[in-house]
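# Please work out how this folds:
(2 chains)
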Amino acid sequence: MTNDYESIKHADVALVIGSNTTENHPVIGSWLKEQQKKGRTKLIVCDPRSIELNDYADIKVRHRSGSDVALLNGLMNIIIAEGLHDKEFIDKNVEKFDELKALVAEYTPAKVSAITGVPEDTLKEAARLYARGPNSAIFYTMGITQHQYGTNNVKTVADLALLCGMLGRPGTGVNPLRGQNNVQGACDMGCLPASLPGYLDIAKNTEKAAEKVRQIWKAELPTSPGRTIVKVTDGLAKGEVKGLFIMGENPMVSDPNTNHVKDALEKAEFLVVQDIFMTETAQLADVVLPAACWAEKDGTFTNTCRAVQRIRKAVEAPGDARSDWEIIVDLAKACGADWDFHSPEDVMEEISRFVPQYGGITYDRLDQGPLMWPCPDKDHPGTPNLYTTGFPRGKATFVPYEWNQPHEWPDAEYPFLATTGRTLYHYHTGSMTRRTPSAEYIKSLYVEVNPEDAAAIGLKEGDDVRVTSRRGSVVGETRITDRVSPRMVFVPFHFGEQPANVLTASVWDDTSETPAYKINAVKVEKA
Amino acid sequence: MDRDVKVILNGKEVFGYRGQKILELCAENGIEIPTLCYDPHLTLHGGCSLCLVEVKGAKNLVRACAMPINNGMEIQTMTDRVFGARQLALQLLFSDHVGDCRPPCQLACPARGDVKGYVNYAAEGEFRASLEALHENITLPASIGRICPAPCEEKCRRNFVDEEPVSIREIKRFIGDWGIKTGDLGTIPEIKENGKKVAIVGGGPGGLSAAYYLRRMGYAITLFDKESALGGMMRFGIPDYRLPQPVLQKEVDWIIDHGIETRLGMTLGKDVTLDELRKDYDSVLLAFGCWKSLPMRVPGEDLKGVLGGINFLYEVNNGRKVDVGDKVAVIGGGNTAMDAARCALRSGAHKVYVVYRRTRDEMPAEKLEIDEAMEEDVEFIFLAAPVAVEGDGKVERLICEKMELGEPDASGRRRPVPTGEQFTLEVDSVIAAIGQGADFSALPKEMHDGRRIATDKHFATPLEGVFACGDLNTGPDIAVGAIAEGHWAAESINHFLMEGVPHRPFECDVVRVDLGPEDFLDQEKQPQEHPVHCPGNVRLARPFEEYNLGLTEEQVLRDGSRCMKCGCPDVHECKLRRYGTEYEADPETFSKEEYSRPHRTVEANKYYLRDMDKCIACGICVRTCSQQAIYSAIDFQRRGMDTLIAPAMDRSIEDSTCVFCGQCVELCPTGALTENSVHGISRPSKTRVVKTICPYCGVGCELDIHVDELTGKIWNVKTDYDSTTSMNAGRCCVKGRFGWSFVHSDDRLKKPLIKEKGAFREASWDEALGLVAEKFTGFRDSSGPDSVAFFSSARCTNEENYLLQRFAREVMGTNNIDHCAHL
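Sure, this is the predicted structure:
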């Protein structure tokens, strides 16, 4: 998020797109609802599903799945046509306005309405409301990113915010809500093939990166390009990758095209899985290492608004299980490394030297409360809102995109569109929540089906329904609801025994390699 | 805001701001105003009427939560009138609160032992936690677990299901024995000395209990006893076959190990006087019991061979051989009579009679004691009373009169009425076990009337600073009664020494007595576990050896699981009960039949229990739902006496818009809303709070993990609305609050595993990590660094992610590191 939570209270308008906020980020959802109920914030909800937040929306934009770029271009078309864009902000801060203007000019309300299925008037109202602000914030999540053209979606969202000058002030911003407790931190810490901790790009800043590694690790930086998860999976299948070490992930359930993932993991010559449970993935491993869970260790998580926060050990780990950090330190030593870390605090001390954004972060300071990065030195109070004084690279650039038809689209054989996602009661692959009271409340896979379709197929509430894509099929319990549009089904992915990801395709966004989970052509039958 | 409003608060000048409510001003000045419906994070409701204070010039008391301050206002927050009004308000609330605070077993226990707590810990195999829970109220558990008549078991609601209670006493004994067996009798805390000294006279259960609780409060204790060993009646009044002395001694030693000074062989009035103790100590507690056998008041009582029951037991327990002859008559029907009869058998008598003036049904002795005496061929002569002892210089016969039962007396038992018909028993000894009294010879006249010691309900005698407890105070009673007396007297002494007046703790309990078998039809029957029975002849062959060997561990686990966890799980957190205790409100002041709202639901869902019978309509949940959770799943429905809080249109919670964030459960001031995840047991007495961050989505909510210190396991998860370090300011979702139980899931990975021939085997860390290191460095060296890859985790910490990428890059030499940021 460019902005912090406090900023939400200052938003006159909140545009929520591709985020089922009240289920996936419930506390942020509660703030958005509270603001709307108190009349402080107008809410624009853009989602193919009629999510709960839609009940509070001042403007409901129920666009078709995969039509986000068209929708956003359409809004920008209206804003420019009506002169609602922030000319002063653009002049001062943004390049290539003309390119944007030229491209979005093609996206007339009529055309966009045809692509998205949203009435022209609704498009106009939404565009005007967002542009007029005075302070408008955008919130998005996986509904934007998990598409074949997810990067285009994200950049087009940024274009909209730049066009209206909705950055750098409380109440504005481009606010992706991160799905996992420390996904922000894992990125910050350089668990990405192309960059070192602190987003130091290895290819672009090779010498600087190598120098830092020499200085702090007393080692040589490898410069061959690293493989992303997707490429590792391919590499395993081809025998190029022989050893794989998985710390706390369950790709057998979380990754697309489960059957393909299984083949690849089985081909690994040596697979190590470090986890708290014998997950579907751990079962395929050659060595399984028992890890302490979140309540059993100290450390830090970085949340979606860049706040670094302390987690604290509450209870002892069972049996011989140990904290992940301890295991890695011992493994490094077993491989001959001369590492000297005795606590997570020791590691944070090194992080603060390696990662400029974490330069001022210490455990002592975190005991007083969260610190939002960038926090470059010990006296820096942290940075709740980014870009308050401009952009680090000088000027931002508009990067407009044409709308592209998704990789797969319902046809005669697979007439439905299946979208996968999370629900309030379970989390990710369910290895934690399916061992909590929620396991009893939501026991197994369910599939949301529109009443119209249910009637046509002959499905009653609770009937078993089979959803089949070109890649596989799952059976779940029918839930009839108009939260999904006709010819659309929603399939949560928490249930390893009926994994929604057998439906999804090995199709990714070229840039981010994020799987295109949200669009799958399927057929729906009574099971 | 300017603090320019001057207020005289309890006589002190303080400043507040305009519009500030009295309650807020009080909170700022460290004065807690009781309230059940006010919460600073919610809008005002003003329904509970507890926050009343007195404002000078105002005719009526005013509500502190709603009344803004103004210049010159004079406020008194705790006058008699205020106290009375709050007490009345509480009593009215209780009239509508169909609660069940503490379970009947606990209320039946004079010491208020946390039966539900220690039984359930035991059932879960958490024996140490069980022992610690026992020590909260019951010292000497291994000893008490052998001899207690267990009034708790009589009230156990399991009787409604199986006609047999949970084996509470045997479980207690097992736990006490576990401590002795493992040598870990419990934590002895570091004691913070408070500089005050208390003398305790009498080292029986009452004196030991008082010493234990006072010592833990920080008092320096000197324990005086006339004997050469501690234990009092438990040591010298109970035969070894029931309570072996080493068991008692180990438990006594553990208490003394708290740093208690003992002065043995010191008789009050002879070796030390009360005046001396009063001079040398801040307070004196008398707990020297009832050691005088009461006389039968029949002719011939002075003959050689007539013994007092307790005197006889005292001799036997001192290991002295008492010659009782061949035939013995024991007079009385209590436990002392049973012990005396059975000890007489063990002292060489061949024929022992028990003469009792009523029938077996009226006998005060414990059933088991009677059964065992009968098994040992003690002959019971019911409806008979001694009229004379005869003999030439020594006992030769006992003349008895037959009795019949008449009208009930004050004790409720039918009165024995003489019939005039007599019979004779040829005996060599008569043991009179018809009652015991205290020896007051060491006490000044104003402290007793010759029969009873003069104490008030706070254990205080007429001499300031001198207290009395145990049998001395109550007359002969069961050991756990003395342990209770010692505990409450300790509290009263503490109150006296800290606040200037003695005060026995008051506890407010709403009690349910209207339950019967028909309320438990859904419970599965499961018979009680019993220790192995040892036949009478075997027992007599090893006369003073313990023959009840107790329950096995498996039996304890099974029997403990029969506990139905009665009582309110919220009992330690309930604000209504806390205020009820503080204001000594009697919950029965107004009858529930007349005042309680009818037809309220008790509804369970997967996350919490809604027991609307306990709802006091404070509306906190309604406001929390609409103002914090922003769901409005529930509201006040209906009006007047029918008012209740529920989802609209009589739907269940699961059919409402409730999303189970549990914020209402956390803020509910009573047990109307309680979490399921606390296993139906009330909160443990010792918890610690660990602030951490939720492991689920990226919002990063701060959570307070409450850890049961006795088991080291998570008890529950809450949030802190007033936290200065929290980004969620108290809010959370169903996963944050209820999504923690996986932590203690049985199927957690506990050992490193290595797969061999398709199956996992356990391995040591050295072996497992050695193998991983060998394989990975092997790939690196033979196929190049990029032949290995690493997936880190968005679930792990920054530190762990940092280390894994450093390992990949530095040690393995590859950039093949990624995590599922996109999923």
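# Any part of the one helix or strand in chain A whose mean pLDDT sits lowest near chain B?
Every helix and strand of chain A was ranked by mean pLDDT, DSSP states H and E. The lowest is helix A:251-254, at a mean of 80. Yes. Residues of helix A:251-254 contacting chain B under C-beta under 8 Å from any C-beta of the partner chain: A:251, A:254. C-betas here are computed from N, CA, C, even on glycine.
# for that helix, packing partners?
Here helix A:251-254 touches helix A:258-267, going by 3 or more C-beta pairs under 8 Å, 6 or more residues apart in numbering or on different chains; DSSP states H and E.
# Spell out which strands sit alongside the helix or strand just after the helix it packs on in the sheet and which way each one runs.
Using DSSP states H and E, the helix or strand that directly follows helix A:258-267 along the chain is strand A:270-275. Paired strands of strand A:270-275, with direction, are strand A:243-247 (parallel), strand A:287-290 (parallel) (DSSP bridges).
# Turn those strands into a markdown table, including mean pLDDT.
Below are these laid out as a markdown table (pLDDT from 0 to 100):
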| stretch | mean pLDDT |
| --- | --- |
| strand A:243-247 | 96 |
| strand A:287-290 | 98 |
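# Columns mean neighbour count on top of those strands, output as a markdown table?
Putting those into a markdown table (neighbours: other C-beta atoms under 10 Å in any protein chain shown) gives the following:
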| stretch | mean neighbour count |
| --- | --- |
| strand A:243-247 | 27 |
| strand A:287-290 | 26 |
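# Export these to TSV and append columns for distance to residue B:711.
Shown next, in TSV, are these (distance: least, C-beta to C-beta, whole Å):
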stretch	distance to residue B:711
strand A:243-247	29
strand A:287-290	21
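# Pull the contacting residues for residue B:387.
Residue B:387 makes contact with B:298, B:399, B:400, B:401, B:422, according to C-beta atoms under 8 Å, 6 or more residues apart in numbering or on different chains.
# Wait, a helix at the third one?
It stands for residue B:400. No. The assignment for residue B:400 (DSSP: H, G, I helix; E, B strand; the rest coil) gives strand, which keeps it out of a helix.
# Touching, it and residue B:354? I think so.
No. The pair residue B:400 / residue B:354 is not scored as a contact, 11.7 Å apart, by C-beta atoms under 8 Å.
# what is in contact with the two at once?
Jointly contacting residue B:400 and residue B:354 under the rule C-beta under 8 Å, 6+ apart are residue B:381.
# How about the contacts made by residue B:246?
If you count contacts by C-beta under 8 Å, 6+ apart, residue B:246 has none.
# In terms of helices and strands, where is it?
For residue B:246, the host element (DSSP H and E) is helix B:245-256.
# What is the subsequent helix or strand relative to that helix?
Proceeding N to C from helix B:245-256, the next assigned helix or strand is strand B:261-264, under DSSP H and E.
# which parts of the next helix or strand after that next one are buried?
Downstream of strand B:261-264, the next assigned helix or strand under DSSP H and E is helix B:274-280. For helix B:274-280, the neighbour count (16 or more other C-beta atoms under 10 Å in any protein chain shown) marks B:274, B:277, B:278 as buried.
# correct me, but the first one touches residue B:440?
No. At 11.3 Å, residue B:274 does not count as touching residue B:440 under the criterion of C-beta under 8 Å.
# what's near enough to touch residue B:383?
Neighbours of residue B:383 in contact, by C-beta under 8 Å, 6+ apart: B:356, B:357, B:358, B:359, B:402, B:403, B:404, B:405, B:416.
# Now it. Its backbone dihedrals?
phi 50, psi 50 (degrees, to the nearest 10).
# That one and chain A, how far apart?
61 Å (C-beta to the nearest C-beta, to the nearest Å).
# how close does that residue sit to residue B:376?
22 Å (C-beta to C-beta, to the nearest Å).
# Over to residue B:255?
33 Å.
# which non-adjacent residue is nearest residue A:327?
In space, and not counting its chain neighbours, residue A:327 is closest to residue A:289: 5.7 Å by C-beta to C-beta, 6 or more residues apart in numbering or on different chains.
# Write down the beta-bridge partners of the one you found, one by one.
Beta-bridge pairing for residue A:289 (DSSP bridges): residue A:274.
# Now for it: which residues touch it?
The contact partners of residue A:289, taken as C-beta under 8 Å, 6+ apart, are A:272, A:273, A:274, A:275, A:327, B:749, B:752, B:768, B:769, B:772.
# residues near residue A:119, how many?
Residue A:119 has 13 neighbouring residues, counting by other C-beta atoms under 10 Å in any protein chain shown.
# For it, give me its contacts.
Neighbour list for residue A:119: residue A:113 [criterion: C-beta under 8 Å, 6+ apart].
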